[in-house]
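> Pasting the sequence and the predicted model now:
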Amino acid sequence: MNSASGLLRGCDLVENFKPPKYLLVLTMQKTILLLLCTAFLGLAPPMASAADSELPLSVRFKGQDKFHRIVTKARSENWANLPIGDRMIKFGRELHGLPYTSFTLEIDDHIEAPSVNLYGLDCWSFFEISLGFSRMIVQEKEQFVPQDLLDQILLTRYRGGVCSGNYLERIHYLSEWFFDNEARGVADDITKDFKYAMPMTDRKCQEMTILWKSYRYLKNNPDLRPTMSKLEAKVSQLPVYYIPKDKVKLIEPQLKDGDILGIATTHQGGFCSHVGLAIRTNDGVLRLMHATSQKQYRRVIIDKSISDYLNHFKGHAGVIVARPWEVDKTVTDPAIYKANLKRLTGGRGMITMKF
């Protein structure tokens with residue numbers, strides 16, 4: 001099972017919290033006041049790029065040569081004219097075969113920042129980079145640079161699309177990622193559209209705090225752990241639905257290339273343990289494309305059918321399905337984002353960012 005920043009050595013990362021009053025002070029040449037958490041349902045301040053100025057590009061982005069090769073190919077073949085699901089698969093195939101690398105998002109001991117590593121991927125970074133490329137390439141720009149992809153990662157990886165350097169601003173659980181990114185018009189969680197959908201109940205999200213020694217930020221900043229625990233308690237309240245794995249074969253004909261598939265788990269610790277993309281190969285089989293840590297692969301692969309993959313592991317309960325939206329649906333109004341999030345969650349396990 002695969003890890004990006006959490007969950008049963010998997011990719012379901014953390015969700016929603018009630019921040020206490022505190023100051024996070026980070027030192028790098030000088031002391032910088034980064035964050036004052038004061039609201040019951042929010043984080044401040046509204047700085048989206050402070051973290052970028054603190055960590056050099058060489059730390060935040062690895063694989064600039066590969067980035068430019070991929071962009072050149074995408075432009076020469078006019079991928080921007082394809083539907084976003086097809087773009088997701090095009091870019092996913094460019095990452096096919098890259099080695100599996102754990103904890104690719106843990107890039108510093110203190111400062112959190114959007115990051116990309118095109119030399120090694122885990123399951124979270126694979127799907128999110130594929131999505132980021134797919135959103136970036138439709139922008140009308142004369143030339144793309146690595147920061148353009150980092151801007152897309154900033155949008156999807158952080159609650160409300162905001163990162164000021166605080167580790168707790170990152171969405172650490174995949175289940176929250178679905179809610180937050182739907183509220184911001186990035187992807188539509190279509191799981192409940194299927195008649196076989198069922199609620200996931202009695203979840204206790206706790207991987208991050210139990211396995212804190214595995215995460216650089218939590219290991220080096222013990223003051224973050226109590227707040228992370230509160231965040232996990234709120235994440236556990238989210239109204240998450242999934243398709244049981246014995247029903248997945250029945251919905252495979254309705255899934256599309258580029259659908260984001262959260263692998264629901266039977267274990268406590270979170271809602272999901274893995275994530276990948278749906279891809280229909282030339283033989284008509286809907287398969288899972290993902291970065292896997294299985295010993296015989298340890299790379300990005302196109303696997304067996306989704307239903308067969310699920311049935312291969314006892315701990316897999318089923319799937320959560322999100323379908324990416326085109327960029328023109330992106331929500332930029334904070335009030336609309338907050339209203340969307342409240343509607344989607346019913347107020348359960350919800351946090352919003354102050355812009």
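Done, it's in.
> which residues in the stretch 51-200 of the chain form helices?
Remark: helices assigned in the stretch 51-200 of the chain by DSSP state H, counting those that start in this stretch are 57-60, 64-76, 84-94, 123-136, 146-157, 174-183.
> Tell me which of those sits nearest to R299.
Taking C-beta to C-beta as the criterion, helix 123-136 is the member of the helices of the stretch 51-200 of the chain that comes nearest to R299, at 10.2 Å. For the C-beta atoms, the positions are set from N, CA and C on the backbone; glycine is no exception.
> Show me the shaky parts of this structure.
Low-confidence segments of the chain, defined by pLDDT under 70, are located at 1-53, 352-355.
> And the strands in it?
22-28, 30-37, 61-62, 116-117, 187-189, 198-199, 241-244, 260-265, 272-280, 286-292, 299-305, 316-324 (DSSP state E).
> Just checking: what are the partner strands of the last one?
According to DSSP bridges, strand 316-324 has the following sheet partners: strand 187-189 (antiparallel), strand 241-244 (antiparallel), strand 260-265 (antiparallel).
> Tell me which residues are up against the longest one.
When you say that, I think you mean strand 260-265. Under the criterion C-beta atoms under 8 Å, 6 or more residues apart in numbering, residues 7-8, 10, 12, 127, 131, 174-175, 178, 187, 200, 242, 271-278, 288, 306, 310, 315-324 lie in contact with strand 260-265.
> Repeat the analysis, applying 7 Å as the threshold.
If you take C-beta atoms under 7 Å, 6 or more residues apart in numbering as the criterion, strand 260-265 is touched by 8, 10, 127, 174, 178, 187, 200, 242, 271-278, 288, 306, 315-322, 324.
> List buried residues within those.
Burial by neighbour count, 16 or more other C-beta atoms under 10 Å: within these this picks out 8, 10, 127, 174, 178, 187, 200, 242, 271-278, 288, 306, 316-322, 324.
> For burial, what's the neighbour tally of the residue nearest to M88 when sequence neighbours are not counted?
With C-beta to C-beta, 6 or more residues apart in numbering as the criterion, M88 has its nearest non-adjacent residue at 3.3 Å, and that residue is G258. G258: 27 surrounding residues under other C-beta atoms under 10 Å.
> G347 too?
The number of residues packed near G347 is 12, by other C-beta under 10 Å.
> picking up where we left off before, put together CSV for the strands paired with strand 316-324, with distance to M208 on each row.
Written out in CSV, the entries for these read as follows (distance: least, C-beta to C-beta, whole Å):
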stretch, distance to M208
strand 187-189, 22
strand 241-244, 21
strand 260-265, 15
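> L98 is nearest to which of those strands?
In this view, the strands paired with strand 316-324 are compared for proximity to L98 by C-beta to C-beta, and strand 260-265 is the closest at 18.4 Å.
> tally of neighbours for the closest residue to Q268 other than its chain neighbours?
Using C-beta to C-beta, 6+ apart and skipping residues adjacent in sequence, the residue nearest Q268 is K204, 5.0 Å away. Under the neighbour criterion other C-beta under 10 Å, K204 is assigned a count of 12.
> got it, and the one 10 residues further on?
S214 is surrounded by 17 other residues when neighbours are defined as other C-beta under 10 Å.
> And A335, by the same measure?
Other residues within reach of A335 by the criterion other C-beta under 10 Å amount to 9.
> now swap in the one 5 residues further on and tell me
Residue crowding around N340 was assessed by other C-beta under 10 Å; the count is 19.
> Would you confirm that it contacts A183?
Yes. Applying C-beta atoms under 7 Å as the test, N340 and A183 come out as touching, 3.8 Å apart.
> Are there residues contacting both of these two? Which ones?
For the pair N340 and A183, residues contacting each of them under the criterion C-beta under 7 Å, 6+ apart are V331.
> Tell me where the stretch 201-350 of the chain has helices.
Under the criterion DSSP H, counting those that start in this stretch, the stretch 201-350 of the chain carries helices at the ranges 207-210, 216-220, 225-235, 245-251, 306-311, 334-345.
> And those: which comes nearest N117?
helix 216-220 (14.5 Å).
> quick one: buried residues of the closest one?
In terms of neighbour count (16+ other C-beta under 10 Å), helix 216-220 has its buried residues at R216, Y217, L218.
> Would you agree the first one is in contact with D109?
Meaning R216. Yes. A contact is recorded between R216 and D109 when judged using C-beta under 7 Å, the distance being 5.4 Å.
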